[in-house]
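Novice: prediction below, plus the sequence it came from.
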Amino acid sequence: MFTATLFTNPAMYMERALVDSLRNALGGGDILWLAPDRAAEFPIPSCPKNEDQIWHGLQAEGVDLVIQPMEGRRKKLLLADMDSTMICQECIDELAAEAGIGERVAAITARAMNGELEFEEALRSRVGLLKGLDISVIDTVLARRITYMPGGKTLVATMKAHGAHASLVSGGFTAFTTKVAAELGFDDHRANTLLTENRTLSGEVARPILGRDAKVQALHEITAMLNITPAETLAVGDGANDLGMLQLAGTGVALHAKPAVQEQARIRINHGDLTALLYIQGYGADEIVTP
């Protein structure tokens, strides 16, 4: 048995007639509204062969669709990327903007996240451009430029309240994950370390660099520590360096992801916010924790 979950941006209204129509077309069972006018699900006997066509049709309506096996939807580990996933920005781009080279670095970031450049090489070249920047700029960026993706605190709090572990695994920097993890309630975090000299950035990042392979390794290490399997993991990210963990996790979600990532990801969310990751696990309004 499979479950079809539909949801939209929390600021939007999802037509009940649309949900009814899709349920009827797929031969589904009773509709359960997980959030009034925003998220609903229903059981279906099998995954339709034209799933991708249905998904694209709903995108035009501002609605996301996730079809997955009903059994085992609720996960015991949340493994999340940070930049453009748990926060709305790319931290290195914001540092570069403070240094007056924002457009130059952002262009490299965009290509790397879309898989057009090798991640580690792209990271080293971008960090090199920040050489000489006073480390006080990190605090400035955190205070003035970083905003949190809607639904993040609710996602982490709800999964933890139901016994899950939450890990932040970023190709960004520990100077940012330390604060973001604490603010959002993550149990732990991993990221790269910016090296400094005389209170300025040296233009170097500590080795080994945490990239695509390291995120996969983190998934293996954390699941082993928790004595669970990768199938019991929900991973979420937006960039090419996230694809490894997205494809290994039981539920891998490409959230507002780059085009090349969406082409390879099984689950794509373009309209919902981070609370959508609760809906696809079957959490209803009465189970969701609002911090």
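Specialist: Nice, thanks for sending it over.
Novice: tell me who's in contact with the closest residue to Pro230 other than its chain neighbours.
Specialist: In this structure, Pro230 finds its nearest non-sequential neighbour in Leu248, 5.1 Å apart by CB to CB, 6 or more residues apart in numbering. (C-beta placed from N, C-alpha, C; glycine too.) Neighbouring residues of Leu248 by CB atoms under 8 Å, 6 or more residues apart in numbering: 216, 219, 230, 233, 235.
Novice: how far away is Leu248 from Asp81?
Specialist: To Asp81, Leu248 is 14 Å away according to CB to CB, to the nearest Å.
Novice: and if you look at Leu168?
Specialist: 8 Å.
Novice: please apply the same query to Lys75.
Specialist: Separation of Lys75 from Asp81 (CB to CB): 16 Å.
Novice: what about Thr229, how many residues close to it?
Specialist: 12 (other CB atoms under 10 Å).
Novice: and it, its phi and psi?
Specialist: Main-chain dihedrals, Thr229, degrees, to the nearest 10: phi -110, psi 160.
Novice: wait, it sits on Ile222?
Specialist: No. Proximity of Thr229 to Ile222 does not meet the contact threshold set by CB atoms under 8 Å, at 11.4 Å.
Novice: now do the shared contacts for the two.
Specialist: With CB under 8 Å, 6+ apart, Thr229 and Ile222 have no common neighbours.
Novice: quick check: pLDDT value at the residue of the chain positioned farthest from its centre.
Specialist: Distance to the chain centre peaks in the chain at Asn198, reaching 35.1 Å (criterion: CA atoms, centre = their mean). Note on Asn198: pLDDT of 93.
Novice: now the helices: where do they sit in the stretch 1-150 of the chain?
Specialist: For the stretch 1-150 of the chain, applying DSSP state H, counting those that start in this stretch gives helices covering 16-25, 51-59, 91-99, 102-113, 119-128, 136-144.
Novice: which among the ones you listed is found nearest to Asn9?
Specialist: helix 51-59 (12.2 Å; CB to CB).
Novice: could you list the buried residues of that closest one?
Specialist: 54-55, 58 (16 or more other CB atoms under 10 Å).
Novice: same check, this time on stretch 254-273
Specialist: 254-258, 261, 265, 267-273.
Novice: stretch 236-247 now?
Specialist: The neighbour-count check on stretch 236-247 (16+ other CB under 10 Å) flags 236-246 as buried.
Novice: now, among these, which is nearest to Gly282?
Specialist: Distances from Gly282 to those, taken by CB to CB, are shortest for Val236, at 16.6 Å.
Novice: my guess is the closest one meets Thr85, correct?
Specialist: Yes. Between Val236 and Thr85 there is a contact under CB under 8 Å: 5.9 Å.
Novice: which pLDDT value belongs to the closest residue to Gly115 other than its chain neighbours?
Specialist: Spatially, and ignoring its direct neighbours in sequence, Gly115 is nearest to Ala240 (3.4 Å; CB to CB, 6+ apart). Note for Ala240: predicted pLDDT of 93.
Novice: check contacts around Ala240.
Specialist: 112-115, 119, 212, 258, 260-261.
Novice: make JSON lines from the residues you listed and add pLDDT and distance to Asn24 to it.
Specialist: As requested, these are exported to JSON lines (pLDDT from 0 to 100; distance: CB to CB, whole Å):
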{"residue": "Ala112", "pLDDT": "87", "distance to Asn24": "44"}
{"residue": "Met113", "pLDDT": "88", "distance to Asn24": "39"}
{"residue": "Asn114", "pLDDT": "87", "distance to Asn24": "38"}
{"residue": "Gly115", "pLDDT": "87", "distance to Asn24": "39"}
{"residue": "Phe119", "pLDDT": "88", "distance to Asn24": "45"}
{"residue": "Arg212", "pLDDT": "91", "distance to Asn24": "42"}
{"residue": "Lys258", "pLDDT": "91", "distance to Asn24": "35"}
{"residue": "Ala260", "pLDDT": "90", "distance to Asn24": "35"}
{"residue": "Val261", "pLDDT": "93", "distance to Asn24": "32"}
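Novice: lovely, talk soon.
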